[in-house]
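J.: my questions are about this predicted structure, shown below with the sequence.
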Amino acid sequence: MSGLRGIGRSRRLHRAALLFLATSLPHAVPASAAILIENVRIVDGSGAPARKASVLVSGDRITAVGNISAAAGDTVVDGGGLVLAPGFIDTHSHLDRTMFTARDVPAAVSQGVTTIIVGQDGVSPMPVSKLAARLEMEPVAVNVGSYSGHNDLRRRVMGSARRHATKAETAAMVRLLDADMKAGAFGLSTGLIYEPGTFSNSAEVMALAKAAARHGGRYTSHIRNESDRLDEAIEEFLAVGRETGMPIKLSHIKIALISRWGEANALLRTLENARADGIDVTADVYPYTYWQTTMGALFPDKKYDDPVGVAWNFRYTTPPGGLTLTRFLPDPALERRTIADIAAERGGDPAEVYVSLMRDAMAYEKAHPDTDKVEAITGESMAETDVATFLAWPEANICSDGTDGGHPRGYGTFTRVLGRYVRETGLLGLEQAVHKMTGLAARHLSLADRGLLRPGMYADLVLLDPETVSDRASLADDRAFSSGIAKVWVNGTLVFTNGETQSARPGAFLRAQHSTRK
C-alpha cells in the first residue's frame, strides 16, 4: 500500500508542476492532459525482461510506471495485454526528402518509429538551422534530428568540382560545419561512394571530422567502398575515431563483394579490436540482403559513359538479374524491371544498356533541375548469413536507410526484425531487439531523454502485438503498412491507430546533446 500511496503522491506533485508550467511557459500542455495505458507488458528498451505494468503519461512525458489507478479526467487506454515499448529510433533515415509533403510520415509511424535521424550519407540539403526553423513552422508527426552532410558542404563551397579541396575550401567547409553544429547537428556524415564526396581525400574528411569533434559531435559514414576495397575503406573510417576520439558509426554495415560473403565475423573482429584499442565504433544495420541507391553508385570511377566499371560490378557484386529500376522518370514503364530484362528486350549487353539508361537519367535531370531523385535502383548483393551476424552484434542498432517508397525497408525495417528475426528465426529475443531499436539507438546518439520507457522520459511509445507484428512491404508493394502495430504516440500524442495515421504533428526538432571534447 505504501508504494501505491507514493505513486499517488507523485502524481499530485507532477500535476502541480504541470499547472505551474501551463501558467508560465508558452504552448505548455494543460495540467489535466493525462493518459493511463494499462493492461500491457512493458518492454522498456533497456534489454530487461518484460513485465506487466501500467504507464501514466502527462503532457509529453512519462510520469509513472507501475501499478497505477486512473484519476478523474484521465484518458484510459486498455492495451489488451499487448507489448508497450519506447518508440523506435531510426538512426539512419532519408525521410527528410518527403516529410514536409507527407507530414504524417506514414513510413515511420506505421512501423512504430517515433524519431528519425536524417542528413545521412553526406546529404543534408539545407543548413541545420534552416531545417530546425522549417520544422518549427511545419512540424511533422515524428521527432527529427540531423547530421551535417559532407557532400552538401562540399557543393556549397566547390559546386560539382571533381578534385580534392584546397586548404581554403576545406576551411570554408569547416565554417559551414561549425554553424551546423551550433544549430544542433549530431555531427558529420559522409557518403564517400557518392559525388562529390568521392573526390575528397582522407585529409579533407579528417579536417571536417576534427571540426565536428571539437563541438562534441559524432561521425557516421557510408564508407568509400563496400566491396573489393572494403578493408581500406574500413581503415580510413577507423582512423577518424582514432585521431579525433569522437564516436564513429559505420552506416548500414554490409559486405557487397560476392567472394567475401560469409566474412561478417571477420569484419566484426576488426571493429571489436578497434573498440579494445579505445575507438568508440558502432554500426547500424537493416534486415535485408538488398539495398537501394542511385545508378551512379555502380560506376566506380564516376565515368558515366564507360561500361567497364559497371560490368565489373555486375560480375562481382550485383548481377543484372538482381538489379531493379525502382524509379526512372525518363521512362516510368521501366520501373520494377531488372536490368537483365531490359537488356534482353533491347538485345544489348547489360552494362552497355545500363550506361544508356544512365545517360537518359542525366539528360532528364539536366532538363528538370528542380526534380528530386530522377532515378533509383535496388540491388541484391548481401548474404543472409552476414545480415544475421551483423544484426546480432551487440553494438549494432537497427536503422532503415529508408525513404517513402522504392525499397520495402522504408515501411518495413523495424517490423521485419520483430517478425522475422525475433518470432520466426529466434535470432534475437524480443527485449534484445527492442533494445537495438530504442535504448541502444539512443545511446549511440547520446539522447538522454528518449529510448527508454521510464518516468521522466519523453512519451514516445509503441503498442504492438508480438504474435502478429510483421512487415508487409515488398518490392512489388513498397508502401504496405505493417501488421501488429496497434498504436503509436509521439511526445504523448497519438499519431497512429487502427492502421491509420492521425492529423497530429507533435514531432520536435532534436538538437544534439553534445559534451564538448578537447
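T.: In hand now; what should we look at? Numbering: from 1, shown residues only.

J.: point out where the stretch 251-400 of the chain drops to low pLDDT.
T.: Across the stretch 251-400 of the chain, not a single residue meets the criterion (pLDDT under 70).

J.: now do the strands in it.
T.: Secondary structure of the stretch 251-400 of the chain, counting by DSSP state E, counting those that start in this stretch: strands at 281-285, 290-293, 323-328, 337-338, 375-380, 396-398.

J.: so which of these is the most packed in?
T.: The densest packing among those, expressed as mean neighbour count by mean count of other CB atoms under 10 Å, is seen in strand 396-398 with a mean of 27. Quick note: C-beta positions are derived from backbone N, CA and C, even for glycine.

J.: parallel or antiparallel, which strands does that one pair with?
T.: With DSSP bridges as the test, strand 396-398 is paired with strand 281-285 (parallel).

J.: just put the strands of the stretch 251-400 of the chain in CSV and tack on distance to Gly80.
T.: As requested, these are exported to CSV (distance: least, CB to CB, whole Å):
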stretch, distance to Gly80
strand 281-285, 32
strand 290-293, 36
strand 323-328, 37
strand 337-338, 43
strand 375-380, 37
strand 396-398, 25
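
J.: so which of those is nearest Glu226?
T.: Nearest to Glu226 among the strands of the stretch 251-400 of the chain is strand 290-293; the distance by CB to CB comes to 9.2 Å.

J.: wasn't Ile89 part of a helix?
T.: No: residue state for Ile89 (DSSP: H, G, I helix; E, B strand; the rest coil) corresponds to strand; a helix is not indicated.

J.: any idea which residue sits dead centre in the chain?
T.: With distances taken as CA atoms, centre = their mean, the residue of the chain nearest its centroid is His92 (2.2 Å).

J.: so that one sits against Thr220, correct?
T.: Yes: His92 is in contact with Thr220 according to CB atoms under 8 Å; the separation is 7.4 Å.

J.: overlap in contacts, these two.
T.: Overlap of the contact sets of His92 and Thr220 (by CB atoms under 8 Å, 6 or more residues apart in numbering) consists of 120, 251.

J.: where do the helices sit along the stretch 351-500 of the chain?
T.: Ranges of helices within the stretch 351-500 of the chain are 384-392, 409-416, 430-437, 439-445, based on DSSP state H, counting those that start in this stretch.

J.: my guess is His94 meets Val118, correct?
T.: Yes: with contact defined as CB under 8 Å, His94 reaches Val118; the gap is 6.8 Å.

J.: Gly145: what secondary structure?
T.: Reduced to three states with three-state DSSP, the structure at Gly145 is strand.

J.: how deep is it tucked in, by neighbour count?
T.: With neighbours defined by other CB atoms under 10 Å, the count for Gly145 comes to 26.

J.: got a list of what it touches?
T.: With contacts defined as CB under 8 Å, 6+ apart, the neighbours of Gly145 are 115-118, 184, 186, 445, 509-512.

J.: again with Leu494
T.: With contacts defined as CB under 8 Å, 6+ apart, the neighbours of Leu494 are 487-488, 502, 504.

J.: in strands, which of the residues you listed fall?
T.: With DSSP state E as the criterion, strands contain 487-488 from among the contacts of Leu494.

J.: most neighbours among the contacts of Leu494, which one?
T.: Val488 (28 neighbours).
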